[in-house]
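Enquirer: structure here, sequence nowhere to be found:
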C-alpha cells in the first residue's frame with residue numbers, strides 16, 4: 001500500500017480502500033476504549049469548531065495539557081536548544097501547566113560509555129537517562145524538543161507514558177524539515 005500514489009482517495013468519503021489490510025473491526029473496537037476516546041476528544045478540541053490552523057503547536061500543547069489534566073509535562077531537550085527549552089517551560093508554567101526540562105547531557109556520561117564505537121572525548125547525549133529522569137519526576141506527558149535523530153527513537157522507546165514532539169532538529173533548515181522539499185528534492 002502506498003497512499004501517496006493513490007488517485008482514488010476513496011477513504012476520504014468513508015469508503016474502504018481495496019489496499020487496506022488492517023483489521024478494521026478490531027481497530028474500531030479499540031477506538032471505543034475510554035482511554036483512547038479521551039485522547040481523541042482532547043485532540044478534536046484543537047481542530048474542531050474552526051480552530052484548525054488557528055493555534056501554534058506550542059498553544060496546542062498548552063491547551064491539550066490543560067484539557068487532559070496532566071499533572072506535569074516534561075521537556076526532553078537538546079542542550080543546543082536550552083534557551084528555547086527554557087522559554088517553552090516558562091510559557092507552559094505561566095499558563096498553568098507544571099513543567100520541567102531535562103537536557104540531553106543529563107548524567108554527564110562520556111561518549112565512550114554511550115556509543116561503544118566512539119573515541120570522541122566529551123559528554124554524550126543521553127536519551128535513556130532523560131527518559132528515566134522524567135519518569136522519576138512523575139511526568140505525565142513527555143515532549144521531545146530537538147533531540148537528534150536516533151536519540152529521539154531511543155527516548156520514545158524508553159519513556160513509558162504519553163509522548164509528543166514539539167521540535168525536530170534540522171540544523172540546516174532552522175528546525176523546519178519541510179523546507180528541504182523546496183531546496184533539496186526534485187519536484
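Expert: All right, it came through fine. All of these numbers come straight from a predicted model, not from anything done at the bench.

Enquirer: all helices of the protein, in order?
Expert: Along the chain, the segments classed as helices by DSSP state H run 24-31, 34-44, 57-68, 82-94, 111-114, 127-136, 151-158, 179-183.

Enquirer: adding distance to residue 102 and mean neighbour count, write those helices out as CSV.
Expert: (Glycine included, C-beta is placed from N, CA and C.) Converted to CSV, the helices of the chain look like this (distance: least, Cβ to Cβ, whole Å; neighbours: other Cβ atoms under 10 Å):
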stretch, distance to residue 102, mean neighbour count
helix 24-31, 31, 9
helix 34-44, 24, 12
helix 57-68, 17, 18
helix 82-94, 9, 16
helix 111-114, 16, 15
helix 127-136, 5, 21
helix 151-158, 10, 18
helix 179-183, 28, 10
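
Enquirer: can I get those in CSV with mean pLDDT?
Expert: Output for the helices of the chain, formatted as CSV (pLDDT from 0 to 100):
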stretch, mean pLDDT
helix 24-31, 90
helix 34-44, 95
helix 57-68, 96
helix 82-94, 98
helix 111-114, 86
helix 127-136, 98
helix 151-158, 98
helix 179-183, 84
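
Enquirer: now those as CSV including distance to residue 173?
Expert: Output for the helices of the chain, formatted as CSV (distance: least, Cβ to Cβ, whole Å):
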stretch, distance to residue 173
helix 24-31, 35
helix 34-44, 27
helix 57-68, 16
helix 82-94, 16
helix 111-114, 27
helix 127-136, 23
helix 151-158, 17
helix 179-183, 4
